[in-house]
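Visitor: I would like the atomic coordinates for the input below:
(one chain, ligands or ions: 3)
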Amino acid sequence: MKPRIAIFDLTDCEGCEVQILNSKFIDKILENVEFLNFRLGQKINRWEGFDVAFIEGVALTSHELELLKKIREHSKFVVALGSCACFGGIAAINNFMDLEEAKKYVYGENADKIESLYVKPISEIIKVDFMIRGCPIVPEDFERVVSDILAGRIPREHTRPVCMDCKSRGNPCQLLKGNVCLGPVSYGGCNAPCPSAGMPCDGCRGPLEMPEMIAELELLKKVAQQDDIIRLFRRYAPMVTPFKEVAGGKL
Ligand code: SF4
Ligand code: SF4
Ligand code: SF4
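Guide: Numbers count the residues shown, from 1 in each chain. Ligands and ions are numbered 1, 2, ... in the order given. Okay, the predicted model is just below:
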């Protein structure tokens, strides 16, 4: 029997799911797995036992919190798909403001009708077996994880910083040019598309396990204001250590 896969989206932009559809190997993947549930990719969806559930986005409502728990109950292996699910992502901007005031600002007199919770990485709500990082993910990571699962292997985590990808592409260093780059403290494996296009890395794949934060912050303070550094660390992975400390103003 083919592995039964589900892809769920909570609150998010669905960009990571689009990356799955962008995969060059999507036809090959479709031949080898059965998508029981994939709202963006197919019309008919079923709730049965899932071998693997990929979950994109964050739980911003109590309905989504319940949905997360239900997915976990129905799944053998759960993968957090993209930086929202892994680290809180862009929606975690909620966590740094008064939620009631923010709702009034956005929804005006309808604010009371809108539910919006503070944001957590999904691993703080349910057990997560693996993370696919990035905002958005790169299709190659999805392909690698699916092929590992098909072969009965537990997928492996990247361990090298973005700087390694960047150097292997021969890019000039943005930090040495005086730009704020999070490449030294962020997980690589993305092939450094941002520095390769002349922009610094914003750390969308989240922090390395043991990043050299003291050295990185010393460098960043030479080229940027404290508020700008805090905002940068709030962008993609503000709810995981050690980015969490800087995002909270500790630098
Ligand atoms: S990680 Fe980025 S691309 Fe993926 S769903 Fe969240 S905001 Fe969209
Ligand atoms: S540009 Fe950024 S990612 Fe590339 S080597 Fe310099 S610090 Fe590292
Ligand atoms: S270079 Fe940095 S910001 Fe760009 S994709 Fe890679 S980790 Fe994300």
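Visitor: what's across from Ile132 in the sheet?
Guide: Leu81 (DSSP bridges).
Visitor: and the gap between it and ligand 2?
Guide: Shown here: Ile132 relative to ligand 2, a distance of 20 Å by CB to the nearest ligand atom, to the nearest Å. Every residue, glycine included, has its C-beta placed from N, CA and C.
Visitor: tell me, how many neighbours does that residue end up with?
Guide: 27 (other CB atoms under 10 Å).
Visitor: Tell me who's in contact with Lys222.
Guide: Residues counted as contacts of Lys222 (CB atoms under 8 Å, 6 or more residues apart in numbering): none.
Visitor: likewise the one 4 residues further on?
Guide: Counting by CB under 8 Å, 6+ apart, Gln226 makes contact with Leu251.
Visitor: Distance check, it against ligand 2.
Guide: Using CB to the nearest ligand atom, one gets 20 Å for the distance from Gln226 to ligand 2.
Visitor: can you count the residues close to Lys120?
Guide: Counted by other CB under 10 Å, the residues lying close to Lys120 total 16.
Visitor: Check the one 4 residues further on too.
Guide: Applying the criterion other CB under 10 Å, we find 12 residues in the vicinity of Glu124.
Visitor: Which positions in stretch 215-223 come out as buried?
Guide: 216-217, 219-220 (16 or more other CB atoms under 10 Å).
Visitor: what's the farthest-apart pair in those residues?
Guide: Leu217 and Leu219 (7.3 Å; CB to CB).
Visitor: re earlier: could the buried residues of stretch 215-223 go into JSON lines alongside pLDDT?
Guide: Shown next, in JSON lines, are the buried residues of stretch 215-223 (pLDDT from 0 to 100):
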{"residue": "Glu216", "pLDDT": "96"}
{"residue": "Leu217", "pLDDT": "97"}
{"residue": "Leu219", "pLDDT": "94"}
{"residue": "Leu220", "pLDDT": "96"}
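Visitor: Helices - which of those land there?
Guide: Using DSSP state H, the subset of the buried residues of stretch 215-223 located in helices is 216-217, 219-220.
Visitor: Please report how far the residue of the chain most remote from its centre lies from ligand 2.
Guide: For the chain, the residue at maximal distance from the C-alpha centroid (CA atoms, centre = their mean) is Glu109, at 32.6 Å. Look at Glu109 and ligand 2: by CB to the nearest ligand atom, they are 46 Å apart.
Visitor: Read off the pLDDT value for the residue in the stretch 1-150 of the chain that ligand 3 sits nearest to.
Guide: As assessed by CB to the nearest ligand atom, ligand 3 sits closest to Gly134 within the stretch 1-150 of the chain, at 6.0 Å. For Gly134, the model assigns a pLDDT of 97.
Visitor: Return the residues in contact with it.
Guide: When contacts are counted by CB under 8 Å, 6+ apart, Gly134 touches 16, 82-83, 141, 190, 204-205.
Visitor: The residues you listed: which ones sit near ligand 1?
Guide: Within the set of the contacts of Gly134, contact with ligand 1 (CB under 6 Å from any ligand atom) is found for 16, 82-83.
Visitor: So which of the residues you listed wins on neighbours?
Guide: Ranking the ones next to ligand 1 among the contacts of Gly134 using other CB under 10 Å puts Gly82 first, with 33 neighbours.
Visitor: Appreciated, that's everything.
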